[in-house]
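Chemist: Sequence below, structure please.
(chains A and B)
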There are 2 protein chains.
Amino acid sequence: MVNVYEIIGLLAAFITTASFLPQVIKTYKTKDTSGLSLTMYITFFIGIVLWLIYGIHLNSLPMILANFITAILSLFLIIMKLKHK
Amino acid sequence: MVNVYEIIGLLAAFITTASFLPQVIKTYKTKDTSGLSLTMYITFFIGIVLWLIYGIHLNSLPMILANFITAILSLFLIIMKLKHK
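Modeler: This is a model prediction of the structure:
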(Lines give C-alpha, C1' and ligand atoms only; values in the text may rest on other atoms or scores of the structure.)
Protein backbone atom coordinates (compact mmCIF):
# COMPACT_ATOMS: atom_id res chain seq x y z
CA MET A 1 0.00 0.00 0.00
CA VAL A 2 1.26 3.46 -0.86
CA ASN A 3 1.04 5.71 2.19
CA VAL A 4 1.94 9.36 2.66
CA TYR A 5 5.50 8.50 3.71
CA GLU A 6 6.08 6.48 0.54
CA ILE A 7 4.95 9.54 -1.44
CA ILE A 8 7.32 11.77 0.59
CA GLY A 9 10.11 9.27 -0.12
CA LEU A 10 9.35 9.14 -3.85
CA LEU A 11 9.24 12.95 -3.98
CA ALA A 12 12.60 13.07 -2.17
CA ALA A 13 13.98 10.52 -4.66
CA PHE A 14 12.72 12.54 -7.63
CA ILE A 15 14.06 15.88 -6.33
CA THR A 16 17.56 14.81 -5.28
CA THR A 17 18.04 12.70 -8.42
CA ALA A 18 16.83 15.59 -10.61
CA SER A 19 19.24 18.01 -8.90
CA PHE A 20 22.06 15.79 -10.22
CA LEU A 21 20.90 16.01 -13.84
CA PRO A 22 22.22 19.51 -14.85
CA GLN A 23 25.81 18.33 -14.21
CA VAL A 24 25.24 15.19 -16.31
CA ILE A 25 23.63 17.13 -19.19
CA LYS A 26 26.37 19.79 -19.13
CA THR A 27 29.13 17.15 -19.18
CA TYR A 28 27.39 15.19 -21.95
CA LYS A 29 27.00 18.30 -24.12
CA THR A 30 30.39 19.96 -23.58
CA LYS A 31 32.57 16.86 -22.90
CA ASP A 32 34.37 19.27 -20.55
CA THR A 33 35.31 17.29 -17.45
CA SER A 34 38.11 19.61 -16.26
CA GLY A 35 36.04 20.79 -13.30
CA LEU A 36 35.12 17.30 -12.13
CA SER A 37 37.06 15.58 -9.37
CA LEU A 38 37.57 11.90 -10.25
CA THR A 39 38.35 11.00 -6.62
CA MET A 40 35.17 12.71 -5.43
CA TYR A 41 32.94 10.98 -7.99
CA ILE A 42 34.46 7.53 -7.36
CA THR A 43 33.98 8.03 -3.60
CA PHE A 44 30.44 9.28 -4.17
CA PHE A 45 29.68 6.30 -6.47
CA ILE A 46 30.82 3.83 -3.78
CA GLY A 47 28.59 5.64 -1.24
CA ILE A 48 25.59 5.47 -3.57
CA VAL A 49 26.11 1.73 -4.20
CA LEU A 50 26.17 1.20 -0.40
CA TRP A 51 22.90 3.25 -0.07
CA LEU A 52 21.43 1.04 -2.83
CA ILE A 53 22.35 -2.16 -0.92
CA TYR A 54 20.91 -0.62 2.27
CA GLY A 55 17.73 0.44 0.40
CA ILE A 56 17.27 -3.09 -0.99
CA HIS A 57 17.65 -4.41 2.59
CA LEU A 58 14.97 -1.95 3.81
CA ASN A 59 12.82 -2.90 0.81
CA SER A 60 12.39 0.82 0.18
CA LEU A 61 11.26 1.64 -3.38
CA PRO A 62 12.25 5.35 -3.15
CA MET A 63 15.78 4.47 -1.99
CA ILE A 64 16.22 1.73 -4.61
CA LEU A 65 14.99 3.98 -7.43
CA ALA A 66 16.98 7.09 -6.40
CA ASN A 67 20.24 5.29 -5.74
CA PHE A 68 20.03 3.02 -8.80
CA ILE A 69 19.58 6.01 -11.12
CA THR A 70 22.18 8.14 -9.29
CA ALA A 71 24.68 5.25 -9.43
CA ILE A 72 24.26 5.07 -13.22
CA LEU A 73 24.55 8.87 -13.59
CA SER A 74 27.68 9.11 -11.45
CA LEU A 75 29.21 6.11 -13.25
CA PHE A 76 28.54 7.97 -16.52
CA LEU A 77 30.44 11.04 -15.17
CA ILE A 78 33.35 8.80 -14.08
CA ILE A 79 33.54 7.21 -17.57
CA MET A 80 33.38 10.68 -19.22
CA LYS A 81 36.18 11.91 -16.94
CA LEU A 82 38.39 8.89 -17.77
CA LYS A 83 37.66 9.20 -21.49
CA HIS A 84 38.13 12.97 -21.86
CA LYS A 85 40.83 13.79 -19.32
CA MET B 1 20.98 -4.52 17.40
CA VAL B 2 23.54 -3.34 14.89
CA ASN B 3 23.61 -5.73 11.96
CA VAL B 4 25.72 -5.75 8.82
CA TYR B 5 23.13 -3.69 6.89
CA GLU B 6 23.14 -0.96 9.55
CA ILE B 7 26.93 -0.81 9.16
CA ILE B 8 26.56 -0.60 5.34
CA GLY B 9 24.01 2.20 5.83
CA LEU B 10 26.23 4.10 8.25
CA LEU B 11 29.18 3.73 5.86
CA ALA B 12 26.98 5.03 3.01
CA ALA B 13 25.91 7.95 5.23
CA PHE B 14 29.52 8.77 6.10
CA ILE B 15 30.79 8.56 2.49
CA THR B 16 28.06 10.59 0.76
CA THR B 17 28.01 13.24 3.52
CA ALA B 18 31.82 13.50 3.39
CA SER B 19 31.74 13.92 -0.40
CA PHE B 20 29.72 17.11 0.20
CA LEU B 21 32.33 18.62 2.55
CA PRO B 22 34.96 19.91 0.05
CA GLN B 23 32.35 22.29 -1.45
CA VAL B 24 31.37 23.55 2.00
CA ILE B 25 35.00 24.06 3.08
CA LYS B 26 35.90 25.80 -0.20
CA THR B 27 32.89 28.15 0.07
CA TYR B 28 33.62 28.88 3.74
CA LYS B 29 37.27 29.71 3.00
CA THR B 30 36.89 31.72 -0.22
CA LYS B 31 33.39 33.20 0.30
CA ASP B 32 33.20 32.75 -3.49
CA THR B 33 29.68 31.59 -4.30
CA SER B 34 29.65 32.64 -7.97
CA GLY B 35 29.73 29.02 -9.16
CA LEU B 36 26.86 27.91 -6.94
CA SER B 37 23.31 27.69 -8.29
CA LEU B 38 20.85 29.03 -5.69
CA THR B 39 17.90 27.28 -7.38
CA MET B 40 19.75 23.96 -7.38
CA TYR B 41 20.74 24.18 -3.73
CA ILE B 42 17.25 25.24 -2.58
CA THR B 43 15.74 22.33 -4.57
CA PHE B 44 18.36 19.96 -3.18
CA PHE B 45 17.70 21.21 0.38
CA ILE B 46 13.95 20.52 0.01
CA GLY B 47 14.76 17.01 -1.28
CA ILE B 48 17.08 16.34 1.67
CA VAL B 49 14.43 17.51 4.19
CA LEU B 50 11.96 15.08 2.56
CA TRP B 51 14.55 12.24 2.83
CA LEU B 52 14.99 13.19 6.50
CA ILE B 53 11.21 12.94 7.13
CA TYR B 54 11.16 9.60 5.26
CA GLY B 55 14.21 8.38 7.25
CA ILE B 56 12.52 9.30 10.56
CA HIS B 57 9.44 7.35 9.39
CA LEU B 58 11.63 4.30 8.59
CA ASN B 59 13.40 4.77 11.93
CA SER B 60 16.68 4.51 10.04
CA LEU B 61 19.66 5.93 11.94
CA PRO B 62 21.92 6.17 8.83
CA MET B 63 19.26 8.11 6.88
CA ILE B 64 18.48 10.44 9.80
CA LEU B 65 22.18 11.17 10.44
CA ALA B 66 23.15 11.66 6.77
CA ASN B 67 20.18 13.83 5.84
CA PHE B 68 20.24 15.92 9.02
CA ILE B 69 23.92 16.81 8.49
CA THR B 70 23.50 17.32 4.72
CA ALA B 71 20.46 19.57 5.33
CA ILE B 72 22.54 21.78 7.63
CA LEU B 73 25.46 21.87 5.16
CA SER B 74 23.26 22.76 2.17
CA LEU B 75 21.43 25.39 4.25
CA PHE B 76 24.84 26.85 5.07
CA LEU B 77 25.65 27.07 1.33
CA ILE B 78 22.28 28.74 0.66
CA ILE B 79 22.92 31.34 3.38
CA MET B 80 26.45 31.98 2.04
CA LYS B 81 25.04 32.42 -1.48
CA LEU B 82 22.40 34.91 -0.27
CA LYS B 83 24.94 36.80 1.85
CA HIS B 84 27.76 37.04 -0.71
CA LYS B 85 25.94 37.32 -4.01
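Chemist: C-alpha from now on. contacts and neighbour counts both.
Modeler: Noted.
Chemist: Is the helix-or-strand element of chain A with minimal mean pLDDT in proximity to chain B?
Modeler: Lowest by mean pLDDT, DSSP states H and E among the helices and strands of chain A is helix A:21-30, with a mean of 92. No - applying C-alpha under 8 Å from any C-alpha of the partner chain, one finds helix A:21-30 separated from chain B by no less than 9.0 Å.
Chemist: got the angle for whichever helix or strand comes after that helix vs helix B:38-58?
Modeler: Along the chain past helix A:21-30, the next helix or strand (assigned with DSSP states H and E) turns out to be helix A:38-58. For helix A:38-58 against helix B:38-58, the angle by axes from the mean of the first three to the mean of the last three C-alpha atoms, to 10 degrees is 30 degrees.
Chemist: and helix A:38-58, which residues are buried?
Modeler: Using 16 or more other C-alpha atoms under 10 Å in any protein chain shown as the burial criterion, the residues of helix A:38-58 that qualify are A:38, A:40-42, A:44-55.
Chemist: And it, what does it pack against?
Modeler: When contacts are defined as 3 or more C-alpha pairs under 8 Å, 6 or more residues apart in numbering or on different chains; DSSP states H and E, helix A:38-58 sits against helix A:61-83, helix B:4-18.
Chemist: pLDDT value on the residue nearest the centre of chain A, please?
Modeler: Nearest to the geometric centre of chain A sits A:Thr70, at 1.6 Å (C-alpha atoms, centre = their mean). In this model, A:Thr70 is scored at 97, pLDDT.
Chemist: That one contacts A:Leu50, doesn't it?
Modeler: No - with contact defined as C-alpha atoms under 8 Å, A:Thr70 and A:Leu50 do not form a contacting pair (12.0 Å).
Chemist: Now do the contacts for the residue lying closest to A:Asn67 once chain neighbours are set aside.
Modeler: Leaving aside its chain neighbours, A:Asn67 sits nearest to A:Leu52 (5.3 Å; criterion: C-alpha to C-alpha, 6 or more residues apart in numbering or on different chains). By C-alpha atoms under 8 Å, 6 or more residues apart in numbering or on different chains, A:Leu52 lies in contact with A:63-64, A:67-68.
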